[in-house]
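Engineer: need a structure here:
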Amino acid sequence: MSELTGLPSLSRRSFLQVSSAALACHFLTEAVMAQDATLHITYPDGAVRINANENPLGPCAAAREAVTAAAALGGRYHFNLTDELINTFVQQQGLKRENVMAYAGSTPGLYYTVAAFTSPKASFVTAEPGYEAGVGAAKAVGARVVNVALTKTWAHDVKAMLTAAPDAGVFYVCTPNNPTGTLTSHEDVEYLVEHKPKGSVVLIDEAYIHFSDASSCIDLVKSDKDVVVLRTFSKLYGMAGLRCGFAIARPDLLKKLVAYGGSNPMPVTACAAATVSLKEPDLVAERKAANTKVREATFSWLDKNGYTYSPSVCNCFMLKAGKPAKEVIAAMAKQNVFIGRPWPSMPDWVRITVGTQDEMEHFQTAFQKFMKGTAAGHVYDPTLERDLDGVIVTA
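Structural biologist: This next block holds a predicted model:
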């Protein structure tokens, strides 16, 4: 009997079924969701791509050089590069080597955690609006999905999450939250950890934490709590296409993820780029400052023009258009500006990624034209947009 799931150990057949289901979820990433929202189009020249929470700066110069050098090593497995990456991270964070597993992005760690700790008897609890990838993993293993609305201050409502699912296997907290860019306090996460049902885990997604001043929950790992913390190099580090991330937890929790994946070496290019990025002393501060400057300038423009948005502290935010999101997305695309998708609870809002200052100025012009009805061809054409209902998206 598993102490953490309350379920008997998996038989070989059921293990393979669950593993296959979890692996199938790999296709439901932010990139997939963003692609689905734009019909897998080839972006026109000069397109403003602020739809997938990517970093327009890409990998830093040192990371690009490291990728070029590492490419020649691609013909062999290099476990030592994965070890070097993890060792660099744990030394910086004051962790132990056994607390960290490296994956191709944070998504595998998310899926594996959901697959390991949820089931038909152990629910998956998440926020609405929130990052949906875990929902797909939960459905794949037959777990009940419980969506709990954010508070009026845009934080995860941890008390409501506890009340809604006394049978929970995983409580998922993305902070800063995708898509709103808003924070859930460390105090609230601690409350959730201390009051959750026995045998459940709190999955804390810190994909966007580098953009904010928030305190990390890695200290809860150091305190041996029932938590799994996710980190990625896709956002601030600009490595969405290179795929590199971590799952951080107690060794006994990570061991349960290994059943679904984790023994393979990482791509050599991702390891090389991530390792040197961690060693760049000013990279996080510089990119955080750059993103903050553009985001706040965008918010000033939105305020000046009377638009409503979520009080984001990272590189994405929700913007209220007051019109069906699909109409907004399609009309903006006609102006060569590609914006993010809607969420079920916010059908007249769209998600906007913070791009460069030039990109955000193009966005402002296009959005203002649409809202004032002066954009050429702004009338919604349903043939331009696929139905997003039920789609699990990436980023």
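
Engineer: tell me the buried residues in the longest helix along the chain?
Structural biologist: In the chain, taking DSSP state H as the definition, the longest helix is helix 283-304. Buried residues in helix 283-304, counting neighbours by 16 or more other C-beta atoms under 10 Å, are found at L283, R287, K288, A290, N291, T292, V294, R295, T298, F299, W301, L302. Every C-beta, even on glycine, is put in place using the N, C-alpha and C of the backbone.

Engineer: what does stretch 233-241 give?
Structural biologist: Of all the residues in stretch 233-241, those buried under the rule 16+ other C-beta under 10 Å are F233, S234, K235, L236, Y237, G238, M239, A240.

Engineer: check the average confidence over that stretch, would you?
Structural biologist: Taken as a whole, stretch 233-241 has a mean pLDDT of 98.

Engineer: again, but for stretch 191-211
Structural biologist: 98.

Engineer: make JSON lines from the buried residues of helix 283-304 and add pLDDT and distance to C217 to it.
Structural biologist: Below are the buried residues of helix 283-304 laid out as JSON lines (pLDDT from 0 to 100; distance: C-beta to C-beta, whole Å):
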{"residue": "L283", "pLDDT": "98", "distance to C217": "22"}
{"residue": "R287", "pLDDT": "98", "distance to C217": "21"}
{"residue": "K288", "pLDDT": "98", "distance to C217": "18"}
{"residue": "A290", "pLDDT": "98", "distance to C217": "25"}
{"residue": "N291", "pLDDT": "98", "distance to C217": "21"}
{"residue": "T292", "pLDDT": "98", "distance to C217": "22"}
{"residue": "V294", "pLDDT": "98", "distance to C217": "27"}
{"residue": "R295", "pLDDT": "98", "distance to C217": "23"}
{"residue": "T298", "pLDDT": "98", "distance to C217": "28"}
{"residue": "F299", "pLDDT": "98", "distance to C217": "27"}
{"residue": "W301", "pLDDT": "98", "distance to C217": "33"}
{"residue": "L302", "pLDDT": "98", "distance to C217": "30"}
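
Engineer: just send those back as CSV, with distance to H156 too.
Structural biologist: Converted to CSV, the buried residues of helix 283-304 look like this (distance: C-beta to C-beta, whole Å):
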residue, distance to H156
L283, 29
R287, 26
K288, 23
A290, 28
N291, 22
T292, 23
V294, 26
R295, 21
T298, 25
F299, 22
W301, 29
L302, 24
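
Engineer: just those residues now: which is nearest E194?
Structural biologist: E194 lies nearest to K288 out of the buried residues of helix 283-304, by C-beta to C-beta, at 30.3 Å.

Engineer: how about low-confidence regions in the stretch 1-150 of the chain?
Structural biologist: 1-40 (pLDDT under 70).

Engineer: element containing G169, please.
Structural biologist: Here G169 is covered by strand 168-174, with elements defined by DSSP states H and E.

Engineer: helices or strands next to that strand in the packing?
Structural biologist: Helices and strands touching strand 168-174, by 3 or more C-beta pairs under 8 Å, 6 or more residues apart in numbering; DSSP states H and E, are helix 107-117, strand 123-128, helix 133-140, helix 158-164, helix 186-195, strand 201-205.

Engineer: and that strand with strand 201-205, angle?
Structural biologist: 20 degrees (axes from the mean of the first three to the mean of the last three C-alpha atoms, to 10 degrees).

Engineer: ok and strand 168-174 relative to helix 186-195, angle-wise?
Structural biologist: 170 degrees.

Engineer: which residues touch strand 168-174?
Structural biologist: Applying C-beta atoms under 8 Å, 6 or more residues apart in numbering, the contact partners of strand 168-174 are 5, 113-114, 117-119, 121-127, 130-131, 134, 138, 143, 146, 156, 158, 161-162, 165, 184, 189, 192, 196-197, 199-205, 207-208.

Engineer: now do whichever helix or strand comes after the longest helix of the chain: distance to the chain's middle.
Structural biologist: Once the chain leaves helix 283-304, the next helix or strand it forms, by DSSP H and E, is strand 316-320. How far strand 316-320 lies from its chain's middle: 15 Å, per C-alpha atoms, centre = their mean, to the nearest Å.

Engineer: now do the SS call for F246.
Structural biologist: Recorded secondary structure, F246: strand (DSSP: H, G, I helix; E, B strand; the rest coil).

Engineer: any idea how many residues pack against the closest residue to it other than its chain neighbours?
Structural biologist: Spatial nearest neighbour of F246, excluding adjacent residues (C-beta to C-beta, 6 or more residues apart in numbering): R231 at 4.5 Å. The number of residues packed near R231 is 26, by other C-beta atoms under 10 Å.

Engineer: what does R231 show for phi and psi?
Structural biologist: Phi and psi for R231, reported as degrees, to the nearest 10, are phi -130, psi 150.

Engineer: follow-up on the earlier one: any residues touching the longest helix of the chain, and which ones?
Structural biologist: For helix 283-304, contacts defined as C-beta under 8 Å, 6+ apart pick out 55, 57, 60, 210-212, 236-238, 277, 308-309, 312, 314-315, 317, 319, 352, 354-357, 360, 363-364.

Engineer: for it, the distance to its chain's centre please.
Structural biologist: Offset of helix 283-304 from its chain centre (C-alpha atoms, centre = their mean): 20 Å.

Engineer: now that helix and strand 316-320, what's the angle there?
Structural biologist: Going by the same axes, to 10 degrees, helix 283-304 makes 10 degrees with strand 316-320.
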